[in-house]
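**Student:** Structure for the following, please:
(one chain, ligands or ions: 2)
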Amino acid sequence: MAKVTILGATGNVGVFAAHTISEIPYVSDMLLVGRPGREDFLAGCCRDLSDSFAARGTDVRLSYGTSLADTKDSDIIICTAGVPRRPGQDRNDLAFENAKIIAETAETIGRSSPDAILFLVTNPVDVTTAVALKYSGLQPRQIFGLGTHLDSMRLKSLIARYFRVHVSEVHTRIIGEHGDSMVPLWSATTIGGIRINSLPTFSGLPAQEMIDAVRTSGEAIIRDKGSTVYGPGEAIATLVKTILGDENRILTVSSYIKSEIHGIGDVCIGVPARINRDGVFPVPLSLEEDEVAGFRESVKKIRKVTADVMERLEAAR
Ligand SMILES: NC(=O)C1=CN([C@@H]2O[C@H](COP(=O)(O)OP(=O)(O)OC[C@H]3O[C@@H](n4cnc5c(N)ncnc54)[C@H](O)[C@@H]3O)[C@@H](O)[C@H]2O)C=CC1
Ligand SMILES: O=C([O-])CC(=O)C(=O)O
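**Tutor:** Numbers count the residues shown, from 1 in each chain. Ligands and ions are numbered 1, 2, ... in the order given. Got it, this is the predicted structure:
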């Protein structure tokens, strides 16, 4: 059984993630952490969640706190703390402000929970994953970000609807930045186990429209309802369950790669990774030429944003 901690638990994503995670059978303890002054809200969340447990037959010990010291002995720490983007902003516009929060948080967690797995949700997630890796001192397998998992799920759902098949029949991946330079892997997309490009209907697939819809999905939801909540909340729970259940699923998350993909590496970015109780292990890949070119561009972009942020963080110390 495991202790799962959510940082930023008073936020939109944190609150819903607490609900989805409480449904995972391996979770025995859940700690909700918010900023000082938010104690009443956190207490209310715990009471509200507890009410739902009776109906569901769930038995999770809930607690809340406002200090990172409370996170000690966590098996997984999920970080949703930080500013979200407003309509018209790019995720990378949040880079420095959120990197400062993550650097400080990661330093404390690295000291107090050296065996934990640290899961970043805070945007821009590829950059915050790299910042957490550097400042926590944890091993690369212990740190990952939500990356392009949610983007891959968004594409999966569009493909399933287009082909009028159940979502479970579709396997697809998007790699690279959780942002504009993301790269869809049509070469790794199957429907009912059959490669999508060997289906006669593939030629009519509005592939570019689909990927454009995925790229702008977060922005469109934020414009209409203020924040994305249900997609990220369910995606977070899938990853937590994969780790705690030692499931060895291959999911596309932001992870540190050395040179696993066509020799490209030394960056945190969305890649397929085998995920289990020990953490996250990127899977070496061989891609089509245009996919490699797209991935190189995406890596170049993320490396630059990450390097700029690291430089500013060091200068600010
Ligand atoms: N990677 C992904 O796919 C997704 C990432 N996100 C990101 O998750 C983050 C949270 O999003 P929301 O919950 O919608 O935002 P929100 O504004 O509702 O919640 C933010 C949370 O962070 C806390 N926080 C803010 N500044 C802080 C600081 N200086 N120190 C400690 N805690 C601080 C707030 O108290 C609050 O609990 C954002 O960065 C957002 O962009 C959101 C959805 C999906
Ligand atoms: O778009 C945003 O800012 C939130 C996010 O990352 C997503 O839902 O994909």
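**Student:** send the alpha carbons of the strand or helix carrying residue 152 over as PDB?
**Tutor:** Assigning secondary structure by DSSP states H and E places residue 152 in helix 149-163. What follows is the C-alpha trace of helix 149-163 in PDB, where atoms were taken according to Å, rounded to 0.1, in the frame of the first residue of the first chain:
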ATOM      1  CA  HIS A 149       0.500  11.300 -22.400                       C
ATOM      2  CA  LEU A 150      -2.600  13.600 -22.400                       C
ATOM      3  CA  ASP A 151      -1.900  14.700 -26.000                       C
ATOM      4  CA  SER A 152      -1.700  11.000 -27.000                       C
ATOM      5  CA  MET A 153      -5.100  10.400 -25.300                       C
ATOM      6  CA  ARG A 154      -6.600  13.300 -27.100                       C
ATOM      7  CA  LEU A 155      -5.400  12.000 -30.400                       C
ATOM      8  CA  LYS A 156      -6.600   8.500 -29.600                       C
ATOM      9  CA  SER A 157     -10.100   9.800 -28.900                       C
ATOM     10  CA  LEU A 158     -10.200  11.700 -32.200                       C
ATOM     11  CA  ILE A 159      -9.000   8.600 -34.200                       C
ATOM     12  CA  ALA A 160     -11.600   6.400 -32.400                       C
ATOM     13  CA  ARG A 161     -14.400   8.700 -33.300                       C
ATOM     14  CA  TYR A 162     -13.200   9.100 -36.900                       C
ATOM     15  CA  PHE A 163     -13.100   5.300 -37.400                       C
END
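**Student:** Can you give me the buried ones in it?
**Tutor:** Counting neighbours by 16 or more other C-beta atoms under 10 Å, one finds that the buried residues in helix 149-163 are 149-160, 162-163. No exception for glycine: its C-beta is placed from N, CA and C like everyone else's.
**Student:** Next: stretch 41-60.
**Tutor:** If you call a residue buried by 16+ other C-beta under 10 Å, then stretch 41-60 has these buried ones: 41-42, 45-46, 49, 60.
**Student:** out of these, which are inside helices?
**Tutor:** Those of the buried residues of stretch 41-60 mapping onto helices are 41-42, 45-46, 49, per DSSP state H.
**Student:** near ligand 2 too, which of those?
**Tutor:** Applying C-beta under 6 Å from any ligand atom, the subset of these adjacent to ligand 2 is empty.
**Student:** Good, we can wrap up now.
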